[in-house]
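Colleague: here is a sequence with its predicted model. Questions after.
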Amino acid sequence: MEDYIVELTVNGERISSPVKPEESLLKFLRRNGFTEVKCGCEKGECGTCTVIINKKTVKSCIMLALQARGKEIWTAKGLEKQELGRKLQESFVNTGAIQCGFCTPGIIVTAKNYLDQNPIPDKGEIKKAISGNLCRCTGYKKIVDAIYAVAVENQKSI
Amino acid sequence: MVPFKYISPKTKNEVLEILKEEKVKACIVAGCTNVLPNIRDKKIVSKVLVDISDIEELRGISKEKDKVCIGPLTTIAELTNSEAISKEGEVLYQAAEQFADPIVRNNATVGGNLVTASPAADMAVPLLTLDAILKIESIERKRGVRLKDFFIGPEKTILREDEMITGIEFESSNINKNGCFIKLGLRKAMAIAVASIAVNLEVRENKIAQVRIAMGSVAPTPIRLTVVEGFLKNKEVNSNGLIEEAINKVREEVDPISDIRASAEYRRYVSGILFKRAFNKLT
């Protein structure tokens, strides 16, 4: 049987690990300790496994680990190292945008990447931006408020 | 069970060689939005996964003198960022903006949506009213196929085991510039269409010079409504009772089934409504 090795960077850290050809990036990341990437539906619908790859958001359950070879990946935990990631995290806590917390890592990743490209969106734009991430507890209002609070702060600093 | 294999060719010709060699064992992968869920459900087993996502010659949108060419690897997100698409084929642009959700649009490709051949395919419906032509290649031959002749059943196309789509083209023309796409889903995002419609229309001197109508999720494949098109052609746009009669003909021409999203009766009924909404937007 052929051996396949995936080498990539996660949150600035180099990872190298053998994989099966059909293994998803989601499974690969969790197996290598990045359990902040949550496994929800495993068919590209719920968005809990969202990561940033080369500045684009991707649902890691619908990408082969082998397709991420040589790429730079950021997960929710890695975003703590960045100012915007930290601000979002604090805002989610302050706004109470968390109940069970399962969707939170995916939504923070989506929101971070979106605010990088569009720092001061309105609430309608935020709703559209996170439309690929499902939350079954909070009904989205507090999540949108949390992201919007960071956008308002962004506007003040411009 | 035979284990999966993985190969990532760097050129189109390499892919075609592999398809010729591996035949039904080959499974082309790119956006993986359908392939990985199917692997998980064991609907795809023991395949040679041919990853084409690095082949730049299959990606991108270009505007030539009288046509627009789309590489099959072009993502839906790239369509929503394209001026050529919004100007020359707005119906496709509108469909791209309603496709799945913003994250999936970064992965999903136009070619993948077509070869998957879902009756609901959101890219197929607008490309049908743009009268798109597919460039299809194997190592031995090239052919051009009109999209309306491409689908032959749910998840079935005329594509042979050694062939792949290498380009999607539509004309730069007046009718293609004037289009409307409407998707009826149970939610605004991540919805599979209950029914969808695309209409492209060219009116000259108050008469319908050309019209194309396509629908998704109302037949075994995405379809053109050629009977309704024939009925409307050369009619005065505002003539009395025209829309009502066309609505009845739409309901006759569709052939829906009942499933978890809606009943056949509802789909037949709502097809007429969707036609009216799209037609009114364009006139």
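Modeller: Sure, I can see it.

Colleague: buried set for stretch A:17-32?
Modeller: A:19-30, A:32 (16 or more other CB atoms under 10 Å in any protein chain shown). Where you see a C-beta, it was placed from the backbone N, CA and C, and this is true even at glycine.

Colleague: show me what the helix or strand harbouring A:I147 is packed against.
Modeller: Using DSSP states H and E, A:I147 maps to helix A:141-156. Here helix A:141-156 touches helix A:83-95, helix A:104-117, helix A:123-129, going by 3 or more CB pairs under 8 Å, 6 or more residues apart in numbering or on different chains; DSSP states H and E.

Colleague: before we move on, the earlier item: restrict the buried residues of stretch A:17-32 to contacts with chain B.
Modeller: Residues of those in contact with chain B (CB under 8 Å from any CB of the partner chain): A:20-22, A:24.

Colleague: domain map for chain A?
Modeller: Annotated domains of chain A cover A:4-76, A:79-156 [automatic domain parsing].

Colleague: out of the ones you listed, which one sits most buried?
Modeller: Most buried of those, by mean neighbour count (mean count of other CB atoms under 10 Å in any protein chain shown): domain A:4-76, with a mean of 20.

Colleague: what mean pLDDT does that one have?
Modeller: Mean per-residue pLDDT for domain A:4-76: 97.

Colleague: could you list the contact residues of chain B toward chain A?
Modeller: Listed as neighbours of chain A in chain B under the rule CB under 8 Å from any CB: B:3-6, B:8, B:29, B:31-33, B:36-37, B:39-40, B:49, B:51, B:53, B:77, B:100-104, B:106-107, B:188-190.

Colleague: could I have the buried ones of these as ChimeraX selection syntax?
Modeller: A single ChimeraX command is used to select the members of the residues of chain B next to chain A judged buried by 16+ other CB under 10 Å:
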select /B:4,5,6,8,29,31,32,33,36,37,39,40,49,51,53,77,100,101,102,103,104,106,107,189,190
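
Colleague: in helices, which of the residues of chain B next to chain A fall?
Modeller: Counting by DSSP state H, those place B:36-37, B:39-40, B:77, B:102-104, B:106-107 in helices.

Colleague: output those residues in CSV; the columns should cover pLDDT.
Modeller: Shown next, in CSV, are these (pLDDT from 0 to 100):
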residue, pLDDT
B:L36, 96
B:P37, 96
B:I39, 96
B:R40, 95
B:A77, 98
B:P102, 97
B:I103, 97
B:V104, 98
B:N106, 97
B:N107, 96
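
Colleague: show me what contacts residue 54?
Modeller: Since no chain was named, I'll use chain A. By CB atoms under 8 Å, 6 or more residues apart in numbering or on different chains, A:N54 lies in contact with A:71-72.

Colleague: let's do chain B instead
Modeller: B:8, B:10 are the contacts of B:D54 under CB under 8 Å, 6+ apart.

Colleague: now with 10 Å?
Modeller: Residues near B:D54 by CB atoms under 10 Å, 6 or more residues apart in numbering or on different chains: A:67, A:69, B:8-11, B:30, B:73.

Colleague: and what of A:R14?
Modeller: Here A:R14 is in contact with A:7-8 (CB under 10 Å, 6+ apart).

Colleague: now swap in B:Y266 and tell me
Modeller: Counting by CB under 10 Å, 6+ apart, B:Y266 touches B:184, B:194-195, B:256, B:258.

Colleague: which of these has the most neighbours?
Modeller: Within these, neighbour counts (other CB atoms under 10 Å in any protein chain shown) peak at B:A195, which reaches 26 neighbours.

Colleague: in PDB, list the C-alpha atoms belonging to the helix or strand containing A:L29.
Modeller: Assigned by DSSP H and E, A:L29 belongs to helix A:25-31. Extracted C-alpha coordinates of helix A:25-31, given in PDB (Å, rounded to 0.1, in the frame of the first residue of the first chain):
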ATOM      1  CA  LEU A  25      -8.800  17.700   6.500                       C
ATOM      2  CA  LEU A  26     -11.200  17.800   9.500                       C
ATOM      3  CA  LYS A  27     -10.200  14.300  10.700                       C
ATOM      4  CA  PHE A  28      -6.600  15.000  10.000                       C
ATOM      5  CA  LEU A  29      -6.600  18.200  12.200                       C
ATOM      6  CA  ARG A  30      -8.500  16.500  15.100                       C
ATOM      7  CA  ARG A  31      -6.200  13.500  15.000                       C
END
